[in-house]
Structures are given as C-alpha cells and as structure tokens.
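Peer 1: Dropping the sequence and predicted coords here.
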Amino acid sequence: MSFETALGLALIGAAVILTASGLWIAIGLAAIGLISVYFFLPAPMLRMVEIIPYNALDDFILAAIPMFIFMGSLLFKGDIATKIYRGLSKWVSLLPGGLLQTNVVACAIFGACSGSSLAGAATMGGMAVKELRDQGYEKNIVYGSLASAGTLATMIPPSILFILYGAFAGESVGKLFIAGILPGLMLVALFMGYIMIKALRNPEISPRPPVPTFREVLVSMRDLFAPFLLIVAVMGSIYTGFATPTESAAVGSVGAILILLFERRLTWRVVEEAAIMAMRTTCMIALMMVGTQFISISLSVLQIPAEISAYIGSLPLEPWAIAALIGVFYIILGALIEGTSMFFLTFPVVFPVMMDLGYDPIWFGVVMALFIEMSLITPPVGLNLFIIQQVSGEAGTGPVIRGSMPFFLLMVLALAIFIAFPPLITWLPDLLW
C-alpha cells in the first residue's frame with residue numbers, strides 16, 4: 001500500500017470518527033474535505049477550490065430537493081398524516097395484526113407523499129403509539145413496526161436519496177424512482193407478512209378492531225383521496241413524460257398547498273414553518289455535497305478508488321460475494337454513523353468498485369437506499385429508534401430495539417434477495433424507461 005493511499009484511508013477514518021463524535025455532519029465533511037484538498041492536491045490544482053462548490057451544486061435536478069422537502073413539510077405541518085392513518089384503519093386493520101398493519105401501510109403512503117423517513121416515523125409514531133398501547137397491543141411490536149416502516153420513505157419515490165444519488169452517479173432520477181417501486185412494495189409485503197404470521201401465532205399481541213360499517217368505509221375513502229391524488233400527480237407526471245423530476249417536485253408542492261387549502265389547514269404559519277424546514281435541510285445537504293466533492297477529488301488524485309477496485313478485483317471471490325461483504329460493511333458502518341453521512345462519505349470509493357464488478361448503477365442506487373434504511377434502525381445511532389423512544393415516553397431504546405430487530409432481519413433478507421436476483425430492481429425501469 002502506497003503512502004498516499006494510507007493517508008487517504010486515514011482521511012476516511014478521520015471523517016468517520018468526526019461524524020460519529022456528534023459534530024454536525026455537514027461541518028465535519030466540509031472540514032475534512034478542505035483539509036484533504038490542502039494536503040493532497042498539487043499546488044497548481046488548489047485554484048480548483050474556487051469552483052468546486054459551484055460544480056458540486058450546478059445541477060438542475062438538485063432543485064427538486066428543496067421543493068420535495070417543502071412538499072413533505074407542508075403535509076407534516078398540516079397534519080395530513082392523521083387523515084391517512086384514519087382512512088387506512090378502516091381497510092388494512094381487518095388483516096391479522098389489526099392496526100399494526102395500518103402502521104406499515106400508512107408510513108409507506110406518507111413516505112410517498114413526503115419523501116422523509118424521519119418525518120414519517122415522528123408523525124405516525126406520535127399519533128399511533130399511545131392509541132395502540134391503550135387498546136392492548138404489545139408495545140415492542142408497536143414500536144418496531146413504526147420505527148421500521150418509517151424508513152420506507154428512503155426507498156419509495158419520491159426519495160431525496162435517489163435525487164442525490166442520481167446527481168452524483170450521473171443517472172436518471174426518474175429511472176431511479178421507477179426502480180424503487182417494486183423493492184419498496186416488497187419491503188411493505190415482508191413487514192406485513194411478518195406481522196400477520198406473528199398475530200396468527202400469538203393473537204394477544206393485537207386485539208381485533210371492530211368491523212367498520214359500509215358508511216365508515218366510504219368516509220375513509222374521502223380521507224385517502226387527496227393523498228393518493230398527490231402521489232398520482234407527482235409520480236404520474238414523471239412516468240408519462242409530462243414533467244421532469246424537478247418539475248414534478250413543483251407539481252407536488254403546489255398539490256400539497258391545494259390539499260391544505262381544501263382541508264382548511266393552510267395558514268401563513270404552516271407555510272412559514274415548512275419553508276424554514278425545507279431551507280435548513282437543503283442547506284445541510286448542500287454543505288455535505290460540497291464537502292463530499294472536496295473529498296472525492298482528493299481521493300481521485302491519490303487514485304484510491306482505482307487501487308481499491310484493482311485490489312478487490314484480484315480477490316478470488318465472485319461478484320455476489322464481494323457485494324455481500326460490502327453489505328456487511330454498510331451494516332456495521334450504519335451502526336456507527338447516520339445514514340445520509342454514510343452515503344456521502346462512502347460513495348466516492350464504493351461506487352467505482354461496484355461498477356468495476358459489473359453491477360448496474362440503478363441497482364446499486366436502490367441497494368444504497370436499503371443500506372440507509374437499515375442504518376435508521378441499527379443501534380446505537382439509529383435515528384428512528386430515538387424518535388419512537390421519544391414519542392413513546394420510554395426511559396430507554398431497549399423496547400424499540402427489540403421490536404425493530406425482526407424487521408431489520410427482514411431488510412437483511414431483502415438485501416440477500418436483491419443481490420441474488422438483480423432483475424427484481426432493474427426489470428421495471430428497463431420496461432418503462
């Protein structure tokens with residue numbers, strides 16, 4: 001191993017330590033990026049520092065990020081999740097597992113409306129935890145279903161991660177959105193299947209809710225109409241070619257405003273708070289992108305990705321075995337640092353390796369989304385674990401972790417299936433795009 005490569009790997013290690021220490025992720029990545037540029041770039045190339053931030057953010061597709069965040073923030077602040085949960089409870093809760101099934105489907109639908117895993121877990125958790133505990137549901141599986149299903153927004157379009165991945169990898173965001181549909185539905189089916197089997201084997205964990213009347217079913221359809229219309233407007237505009245992903249984000253923001261206006265929940269305070277939330281999140285993402293670009297250029301100058309790719313290519317292992325090892329690496333890393341920072345930190349190194357192994361970049365984008373979903377419920381730093389612990393009032397995260405572990409293992413199973421059968425991810429975008 002060359003001296004430069006050792007320095008570069010030490011740089012990555014320092015970035016991991018900084019992000020795990022509690023320092024703001026964006027600040028840590030930017031600081032490490034600037035240090036790497038100063039020490040590792042030749043003097044004539046230091047003038048690149050002036051244009052790196054511009055080049056990192058000069059992509060029209062990135063304009064979709066603040067608009068999708070604004071759309072989700074409007075729905076979050078406008079309490080649309082309550083209507084989604086109430087409407088679904090008249091349908092899905094009739095399955096074995098009762099309202100636990102509603103937790104999964106409601107989080108998936110809210111994720112398709114908001115694109116935010118953390119907002120989904122916080123909103124649905126704050127609304128459902130107390131009610132389900134009062135009705136006699138076993139608390140661990142209540143916590144686990146909410147924390148785990150809250151991660152689905154990372155996979156189900158419109159996913160902010162897919163926009164970032166598309167910008168970094170130079171891939172079509174629309175194609176990534178399409179690729180996330182079947183894997184997202186597969187995860188929903190795995191979660192619901194587990195709840196169903198557990199409820200059939202142990203009915204005490206989930207009391208059967210009363211059978212709704214025909215009138216209640218019709219009223220519930222009214223609660224679900226607006227969210228479904230928003231999903232169709234956003235995703236349908238992309239799939240039909242009517243709008244680009246960036247333009248569809250604007251369609252979604254306008255649609256969210258119209259929904260709140262129709263529901264008489266649109267106030268200046270809601271709009272102001274949603275705009276501030278979108279601005280703060282977008283600025284954080286932008287700073288992380290600039291810091292990552294600094295690191296990426298330094299690693300490229302040191303030829304670290306090329307050396308790692310050559311080393312891995314020389315190993316007597318099949319590509320699927322290497323992909324499995326990379327999966328183990330991400331599971332371990334996800335227990336140390338937050339998922340978004342994990343993506344920014346590892347992408348410059350891992351993406352070239354996976355491409356050299358012959359994997360499809362669209363496939364890897366979906367798998368990367370699964371890695372980030374897993375990190376959200378991986379102790380000790382899984383953010384969804386802390387969110388559900390906070391809204392539940394538990395003294396510690398122990399019950400939330402115990403409830404989430406079966407769902408985490410289902411994600412590991414899904415990862416194994418995606419590695420063994422890549423066409424499960426690539427079939428639909430190849431068919432429709």
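Peer 2: Happy to help now that I have it.
Peer 1: Residue nearest the middle of the chain, spatially speaking?
Peer 2: T154 (2.1 Å; CA atoms, centre = their mean).
Peer 1: what's that one in contact with, if anything?
Peer 2: 111, 117, 161, 339, 369, 372-373, 376 (CB atoms under 8 Å, 6 or more residues apart in numbering). C-beta: built from backbone N, CA, C; applies to glycine.
Peer 1: got the residues you listed as JSON lines, with distance to Q389 columns?
Peer 2: Shown next, in JSON lines, are the contacts of T154 (distance: CB to CB, whole Å):
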{"residue": "G111", "distance to Q389": "20"}
{"residue": "S117", "distance to Q389": "16"}
{"residue": "L161", "distance to Q389": "24"}
{"residue": "G339", "distance to Q389": "18"}
{"residue": "A369", "distance to Q389": "24"}
{"residue": "I372", "distance to Q389": "20"}
{"residue": "E373", "distance to Q389": "18"}
{"residue": "L376", "distance to Q389": "13"}
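Peer 1: which pair in those spans the largest distance?
Peer 2: G111 and G339 (14.6 Å; CB to CB).
Peer 1: thinking again about what came up before, now the contacts of T154 in CSV, with pLDDT, distance to M235 and secondary structure?
Peer 2: Shown next, in CSV, are those (pLDDT from 0 to 100; distance: CB to CB, whole Å; DSSP: H, G, I helix; E, B strand; the rest coil):
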residue, pLDDT, distance to M235, secondary structure
G111, 81, 13, helix
S117, 78, 18, helix
L161, 88, 16, helix
G339, 79, 23, helix
A369, 93, 16, helix
I372, 91, 21, helix
E373, 91, 20, helix
L376, 89, 23, coil
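Peer 1: what's the closest of these to A10?
Peer 2: For the contacts of T154, the nearest to A10 is G339 (23.4 Å; CB to CB).
Peer 1: can you list the contacts of T154 in TSV and add neighbour count?
Peer 2: Shown next, in TSV, are those (neighbours: other CB atoms under 10 Å):
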residue	neighbour count
G111	28
S117	30
L161	24
G339	27
A369	27
I372	21
E373	29
L376	29
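Peer 1: And the helices in the stretch 101-250 of the chain?
Peer 2: 117-134, 139-149, 160-169, 173-179, 181-201, 214-239, 245-262 (DSSP state H, counting those that start in this stretch).
Peer 1: re earlier: could you tell me what pLDDT the model assigned to the residue nearest to the centre of the chain?
Peer 2: We have a pLDDT of 87 for T154.
Peer 1: and the helices of the stretch 101-250 of the chain as JSON lines, adding distance to E273?
Peer 2: What follows is these, written out as JSON lines (distance: least, CB to CB, whole Å):
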{"stretch": "helix 117-134", "distance to E273": "13"}
{"stretch": "helix 139-149", "distance to E273": "23"}
{"stretch": "helix 160-169", "distance to E273": "19"}
{"stretch": "helix 173-179", "distance to E273": "27"}
{"stretch": "helix 181-201", "distance to E273": "28"}
{"stretch": "helix 214-239", "distance to E273": "19"}
{"stretch": "helix 245-262", "distance to E273": "12"}
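Peer 1: Out of the ones you listed, flag the one nearest I417.
Peer 2: I417 lies closest, by CB to CB, to one member of the helices of the stretch 101-250 of the chain: helix 181-201, at 7.8 Å.
Peer 1: can you give me the angle that closest one makes with helix 139-149?
Peer 2: Between the axes of helix 181-201 and helix 139-149, defined by axes from the mean of the first three to the mean of the last three CA atoms, to 10 degrees, the angle is 170 degrees.
Peer 1: got the CA coordinates for helix 181-201 in CSV?
Peer 2: Output in CSV follows, covering the C-alpha atoms of helix 181-201 (Å, rounded to 0.1, in the frame of the first residue of the first chain):
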residue,chain,number,x,y,z
ILE,A,181,-41.3,0.9,-6.6
LEU,A,182,-41.1,-2.9,-6.6
PRO,A,183,-38.4,-3.1,-3.8
GLY,A,184,-40.4,-0.7,-1.7
LEU,A,185,-43.6,-2.8,-2.2
MET,A,186,-41.6,-5.9,-1.4
LEU,A,187,-40.5,-4.5,1.9
VAL,A,188,-44.1,-3.5,2.7
ALA,A,189,-45.2,-7.1,1.9
LEU,A,190,-42.4,-8.6,4.1
PHE,A,191,-43.3,-6.3,7.0
MET,A,192,-47.0,-7.0,6.7
GLY,A,193,-46.4,-10.8,6.3
TYR,A,194,-44.3,-10.9,9.4
ILE,A,195,-47.0,-9.1,11.4
MET,A,196,-49.7,-11.3,10.0
ILE,A,197,-47.8,-14.6,10.9
LYS,A,198,-46.9,-13.3,14.4
ALA,A,199,-50.5,-12.2,15.1
LEU,A,200,-51.9,-15.6,13.9
ARG,A,201,-49.4,-17.4,16.2
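Peer 1: Show me what that helix is packed against.
Peer 2: Applying 3 or more CB pairs under 8 Å, 6 or more residues apart in numbering; DSSP states H and E, one finds that helix 181-201 makes contact with helix 99-114, helix 139-149, helix 361-375, helix 398-420, helix 423-432.
Peer 1: Could you check the angle the shortest one makes with helix 181-201?
Peer 2: Counting by the same axes, to 10 degrees, helix 423-432 lies at 140 degrees to helix 181-201.
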